[in-house]
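**Q** can you look at this prediction? I've put the sequence above it.
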Amino acid sequence: MNAPHMSPDEFRDAGHRLVDWVAEFMHTVGDMPVLAQTSPGELLARLPEHPPESPGGANEWDDIVRDLDELILPAMTHWQSPNFFAYFPCNASGPAILGELVSAGLGAQGMLWQSGPGCTELEMRTLDWMAEAVGLPDRFTFRSPEGGGSIQGTASEATLVSLIAARARARRTAGGAPVTIYASTQAHSSFAKAAMVAGLASGPDDHEAVRLIETDDDLAMDPAALERAIRADLDAGHIPSFVLATIGTTGTTAIDPLGPIADAIDRACAESPRPWLHVDAAYAGSALVCPEFRWMSEGVERADSFCFNPHKWLLTNFDCDLFWTRDRRALTDALSITPEYLRNAATESGGVIDYRDWQIPLGRRFRALKLWFVMRHYGLEGLRAHIREGVRLAELFESWVAGDERFELAAKRTLSLVCFRLRAGDAATRDMLDRVNATGRAFLTHAALPDGQVIARMAIGATATRERHVREAWALISAEAERVLAGHSA
């Protein structure tokens, strides 16, 4: 038999139906339980054990849509719910979804300029646009001869590629000496994982080459502690190669001070090569579109690379991490390999960007389209409005917590994350969170402070979240806290 490829008309009919389905989902997701109400293995037990042998047939899309409704939706935790306050936001928006659709329809593989000139050049321009939007210096853009940006999958990937570039640069002058890398104790776990992937650590607790730097009272990296650690390693014959600074830590949104960190590096390495300074602003970087939040990135001009995730808080669906460097040659020297089957005149000319040299995998999707659609639809004014509303709602929620004697604020609020806990302690705080999440009416997650205290995290910023959703979440939290406290006192 011939393969039953869809005709353009069949695709159009099915596509219209599924666009309608997604639009209805966007309209009704706020009425669905936020956290999936299923048990492990429940969906698996309802799915056929063996693949279909025959084509779908006349009722194929009726069956698929029915299964979406009856099987898939009940098994989903709804990140796009206006009542999703867990982790950090994972924004989607209509323009971004449509950009993803067009990208899938084009089916391009933009590994080389030659394999997708439009993919490459649109990405170059949108990265320059966004660098301007968040206040990065020109040295990080393609306006400079050494800089430029690319779209990675996640901030974890950006950390890894910058670490690989740093390791390669350090090894050229290390003479076989061991290299060391640095981040605060509050840095994302992707730092440890990058060290493992890069062969600098055998596991998350291997600190032979990994240094975790103490933090100050606000849980930001202590530059003096970093300087002491670098000096100690230099005295021991090590080569400091990489420093990770975080703008907006995962636990509490602490802001590492970039200028003082760069000063500490310069003082410690006055007579030795300077380590690569990478800035991870995965969540908080979106707020840099607002000038009033650019204090967070003061000193970024002294970094070697910088990244943030529009898929967290800037209305661009997952996955989309924006990564810039002011030394693209160091990056491509560390990651480039050119087998014969990839050789072409454009690459050989040296006059084009081949993004396969900026990342771990060879292949890459046309992700710039969705960012382009978002920027054209919202404009910078619309993006700023989204960020500012999230911060306003967090300020409101924070005021309710501060005014309730049952609760206490657990960390300094920077943007739209509020960290709080019950004064009754860790067990009560955990019980409250479990009860809130079990209702399906809201979803929050927790973290632990360096002293071990458990805190609740209210992360505001989902695309559909409005003030009424935050008010309803507070009413739910308050009611469940009262039940927990009554039970503990009994």
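**A** In hand now; what should we look at?
**Q** skip ahead from the helix or strand bottoming out on mean pLDDT in the chain and say which helix or strand is next.
**A** Here the helix or strand of the chain ranked lowest by mean pLDDT, DSSP states H and E is helix 345-349, holding a mean of 74. Note on helix 345-349: by DSSP states H and E, the next helix or strand toward the C-terminus is helix 368-402.
**Q** how far does that next one sit from its chain's centre?
**A** Here helix 368-402 shows a centroid-to-chain-centroid distance of 16 Å under the convention C-alpha atoms, centre = their mean, to the nearest Å.
**Q** what are the buried residues along it?
**A** 368-375, 377-378, 383-384, 386-391, 393-394, 397-398, 400-401 (16 or more other C-beta atoms under 10 Å). (Each C-beta comes from the backbone N, C-alpha and C, glycine too.)
**Q** mean confidence score for that helix?
**A** For helix 368-402, mean pLDDT is 97.
**Q** now stretch 321-338
**A** The average pLDDT for stretch 321-338 rounds to 90.
**Q** and that stretch, end to end?
**A** Its first and final residues considered, stretch 321-338 spans 25 Å by C-alpha to C-alpha, to the nearest Å.
**Q** list the buried ones in it?
**A** For stretch 321-338, by 16+ other C-beta under 10 Å, it's 321-328, 330-332, 334-335.
**Q** what do you get for stretch 95-109?
**A** 95-101, 103, 108.
**Q** what's the answer for stretch 438-452, then?
**A** For stretch 438-452, burial by neighbour count (16+ other C-beta under 10 Å) applies to 440-444, 446-447, 449.
**Q** how long is that stretch end to end?
**A** Start-to-end, stretch 438-452 (C-alpha to C-alpha) is 24 Å.
**Q** other residues contacting that stretch?
**A** 32-35, 37, 77, 81, 83-87, 185-186, 215, 219, 250-252, 410-411, 419, 426, 429-430, 433, 436-437, 454-459, 472-473, 476-477, 480 (C-beta atoms under 8 Å, 6 or more residues apart in numbering).
**Q** so which residues of the stretch 101-250 of the chain form helices?
**A** 117-133, 155-174, 190-197, 223-235 (DSSP state H, counting those that start in this stretch).
**Q** export these to TSV and append columns for mean neighbour count, distance to Pro4 and mean pLDDT.
**A** Compiled in TSV, the helices of the stretch 101-250 of the chain are given as follows (neighbours: other C-beta atoms under 10 Å; distance: least, C-beta to C-beta, whole Å; pLDDT from 0 to 100):
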stretch	mean neighbour count	distance to Pro4	mean pLDDT
helix 117-133	19	30	95
helix 155-174	22	37	90
helix 190-197	21	42	91
helix 223-235	18	61	96
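**Q** now distance to Cys290 too, for those, in CSV please.
**A** Converted to CSV, the helices of the stretch 101-250 of the chain look like this (distance: least, C-beta to C-beta, whole Å):
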stretch, distance to Cys290
helix 117-133, 10
helix 155-174, 20
helix 190-197, 26
helix 223-235, 26
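**Q** looking at the ones you listed, which is closest to Gly363?
**A** Ranking the helices of the stretch 101-250 of the chain by proximity to Gly363 (C-beta to C-beta) places helix 117-133 first, at 11.2 Å.
**Q** quick check, distance from that closest one to the centre of its chain.
**A** 19 Å.
**Q** any stretches of this structure with poor pLDDT?
**A** 174, 340, 346, 488-490 (pLDDT under 70).
**Q** go ahead and name everything in contact with the least confident helix or strand of the chain.
**A** 112-114, 338, 352, 354.
**Q** ranking those residues by neighbours, who comes first?
**A** Tallying neighbours with other C-beta atoms under 10 Å puts Leu112 at the head of those, with 24 neighbours.
**Q** how near is that residue to Thr141?
**A** 21 Å (C-beta to C-beta, to the nearest Å).
**Q** what do you get for Gly351?
**A** As judged by C-beta to C-beta, Gly351 and Thr141 stand 17 Å apart.
**Q** who has more neighbours, the two?
**A** Using other C-beta under 10 Å, the more surrounded residue of Gly351 and Thr141 is Thr141, with 20 against 9.
**Q** so the more buried one makes contact with Met130?
**A** No - using C-beta atoms under 8 Å, Thr141 makes no contact with Met130, being 9.6 Å away.
**Q** find the residues that touch each one of the two.
**A** The contact sets of Thr141 and Met130 overlap at Gly149 (C-beta under 8 Å, 6+ apart).
**Q** ok, now how distant is Ser241 from Ile247?
**A** 21 Å.
**Q** swap that for Met458, sorry
**A** 20 Å.
**Q** just Thr347 next, same as before
**A** 35 Å.
**Q** neighbour-wise, which of these two wins?
**A** The neighbour comparison of Thr347 against Ile247 (other C-beta under 10 Å) goes to Ile247, with 28 against 18.
**Q** the more buried one touches Ser286, doesn't it?
**A** No - contact criterion C-beta under 8 Å: Ile247 and Ser286 do not qualify, at 10.6 Å.
**Q** shared neighbours, those two?
**A** With C-beta under 8 Å, 6+ apart as the test, Ile247 and Ser286 both reach Phe308.
**Q** what's the local residue count around Ala45?
**A** By other C-beta under 10 Å, 8 other residues sit near Ala45.
**Q** look up phi and psi at His278.
**A** Main-chain torsions, His278, degrees, to the nearest 10: phi -110, psi 140.
**Q** that one pairs with what?
**A** Leu244, Ser305 (DSSP bridges).
**Q** report the separation between it and Arg466.
**A** 36 Å.
**Q** Asp128 too?
**A** 33 Å.
**Q** now do His5
**A** For His5 relative to Arg466 (C-beta to C-beta), the value is 44 Å.
**Q** just Leu98 next, same as before
**A** Leu98 is 23 Å from Arg466, by C-beta to C-beta.
**Q** where along the chain do the strands fall?
**A** Along the chain, the segments classed as strands by DSSP state E run 148-152, 179-184, 210-213, 239-246, 276-280, 305-308, 321-325, 407-409, 417-422, 445-448, 454-459.
**Q** can you list those in a markdown table and add distance to Ser202?
**A** Shown next, in a markdown table, are the strands of the chain (distance: least, C-beta to C-beta, whole Å):
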| stretch | distance to Ser202 |
| --- | --- |
| strand 148-152 | 25 |
| strand 179-184 | 14 |
| strand 210-213 | 10 |
| strand 239-246 | 18 |
| strand 276-280 | 22 |
| strand 305-308 | 25 |
| strand 321-325 | 27 |
| strand 407-409 | 39 |
| strand 417-422 | 33 |
| strand 445-448 | 25 |
| strand 454-459 | 30 |
